[in-house]
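Undergrad: Sharing a model that was predicted from the sequence below.
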Amino acid sequence: MQRLAGKRILLTGAAGGIGSMIVRQLTELKATVLMVDVSETALQTLAEETGQPFKTCDLGDAASRKDLLNWVNDKFGGLDALVQCAGLMSFGLHDVQSDEEIERLIRINLVAPMQLTRALIPQLEKGATPVIVNLGSVFGHIGFPGFSLYSASKFGLHGYTEALRRELADGPISVAWVSPRATRTAMNKGVVERLNTELKVNTDRPETVATEVIKAIAQPGRDKVLGFPEKLFARINQFFPGMVDGSLIKQLPVIRKYNEIQKESKL
């Protein structure tokens with residue numbers, strides 16, 4: 001991990017539960033973390049704690065992304081890593097999701113990371129052993145009922161990451177993918193947390209996920225799915241999806257119950 005000392009690492013979603021832990025761990029490792037998030041208040045608090053530079057950015061807005069790129073160009077003159085943790089969660093059966101919700105989540109979870117990566121490749125090519133790390137989800141390997149929109153965004157990002165890794169294979173930039181299972185963050189609070197409890201879903205601490213992301217920065221490999229049996233379940237789904245269908249269909253009554261709770265909370 002000492003090889004990360006002095007590295008310039010741009011991290012999106014830096015103020016989130018996982019992102020903030022990545023910032024703290026990288027700060028201990030003497031890396032420079034260019035913290036990016038939509039929340040200026042949360043970034044300011046984290047900057048006061050860690051001393052790291054920050055920039056607010058709505059990744060779904062072209063003008064805001066351009067402002068971020070100008071900041072990177074003017075102040076840092078190159079990057080050694082791009083770590084993309086920013087994302088939105090959506091729980092609910094597909095027929096209750098609005099057009100606006102669908103468009104916003106796909107834009108933030110899939111389109112924006114692709115656009116930001118493309119724009120930052122010239123900066124990464126100036127870096128030392130540069131790496132791109134995209135934070136996925138086990139739902140980027142297993143389409144889960146009640147999370148169809150979120151699953152679609154993560155499946156898309158997974159495919160993009162795989163193709164980009166191959167596209168850049170003969171150059172200096174490595175590309176890595178880390179898929180957490182459910183993590184104890186604000187993103188999974190409320191109805192989702194209650195659903196996970198009833199379904200006995202395994203959850204990890206954000207510190208655990210952060211450590212795995214940092215390992216991927218230091219030694220980028222191929223796809224990494226965190227946790228057991230989730231890692232095995234993802235592999236079974238790849239080769240024998242019918243086996244997974246039966247298991248998940250049994251969970252539909254519980255998922256529908258919490259979908260109704262979610263609907264009522266929006267009224």
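TA: Yep, it's here.
Undergrad: Show me where the stretch 151-267 of the chain has its helices.
TA: Assigned helices in the stretch 151-267 of the chain, in chain order: 191-198, 206-218, 230-239, 241-249, 252-266 (criterion: DSSP state H, counting those that start in this stretch).
Undergrad: closest one to Leu120 among the ones you listed?
TA: helix 206-218 (15.0 Å; CB to CB). Just so you know, the C-beta spots here come from the backbone N, C-alpha and C atoms, and that holds for glycine as well.
Undergrad: Would you mark the buried spots in the closest one?
TA: 206, 208-210, 212-218 (16 or more other CB atoms under 10 Å).
Undergrad: same question, stretch 146-155
TA: Result for stretch 146-155 [16+ other CB under 10 Å]: buried residues 146-155.
Undergrad: where in this protein is pLDDT low?
TA: 1-2, 266-267 (pLDDT under 70).
Undergrad: picking up where we left off before, now the helices of the stretch 151-267 of the chain in CSV, with distance to Pro122?
TA: Below are the helices of the stretch 151-267 of the chain laid out as CSV (distance: least, CB to CB, whole Å):
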stretch, distance to Pro122
helix 191-198, 38
helix 206-218, 20
helix 230-239, 34
helix 241-249, 40
helix 252-266, 43
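Undergrad: Tell me which of these lies nearest to Val72.
TA: helix 206-218 (17.3 Å).
Undergrad: list the helices and strands that closest one packs on?
TA: When contacts are defined as 3 or more CB pairs under 8 Å, 6 or more residues apart in numbering; DSSP states H and E, helix 206-218 sits against helix 17-28, strand 81-84, strand 131-135, strand 174-179.
Undergrad: okay, the angle between the first one and helix 206-218?
TA: Using axes from the mean of the first three to the mean of the last three CA atoms, to 10 degrees, the interaxial angle of helix 17-28 with respect to helix 206-218 works out to 60 degrees.
Undergrad: and whatever helix or strand comes next after helix 17-28 with helix 17-28, angle?
TA: Note on helix 17-28: by DSSP states H and E, the next helix or strand toward the C-terminus is strand 32-37. Calculated by the same axes, to 10 degrees, strand 32-37 forms an angle of 160 degrees with helix 17-28.
Undergrad: partners of strand 32-37, with directions?
TA: Sheet pairing for strand 32-37, assigned by DSSP bridges, gives strand 8-12 (parallel), strand 54-56 (parallel).
Undergrad: Buried residues, it. List them.
TA: 32-37.
Undergrad: Same question for stretch 124-132.
TA: Neighbour counts using 16+ other CB under 10 Å place 124, 127, 130-132 of stretch 124-132 among the buried residues.
Undergrad: now do stretch 155-164
TA: By 16+ other CB under 10 Å, the buried positions in stretch 155-164 come out as 155-158, 160-161, 164.
Undergrad: Stretch 189-198 too?
TA: So, applying 16+ other CB under 10 Å, buried residues of stretch 189-198: 191-193, 195-196.
Undergrad: Let me have those residues in CSV, adding distance to Val244 as columns.
TA: Shown next, in CSV, are the buried residues of stretch 189-198 (distance: CB to CB, whole Å):
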residue, distance to Val244
Val191, 23
Val192, 20
Glu193, 23
Leu195, 18
Asn196, 18
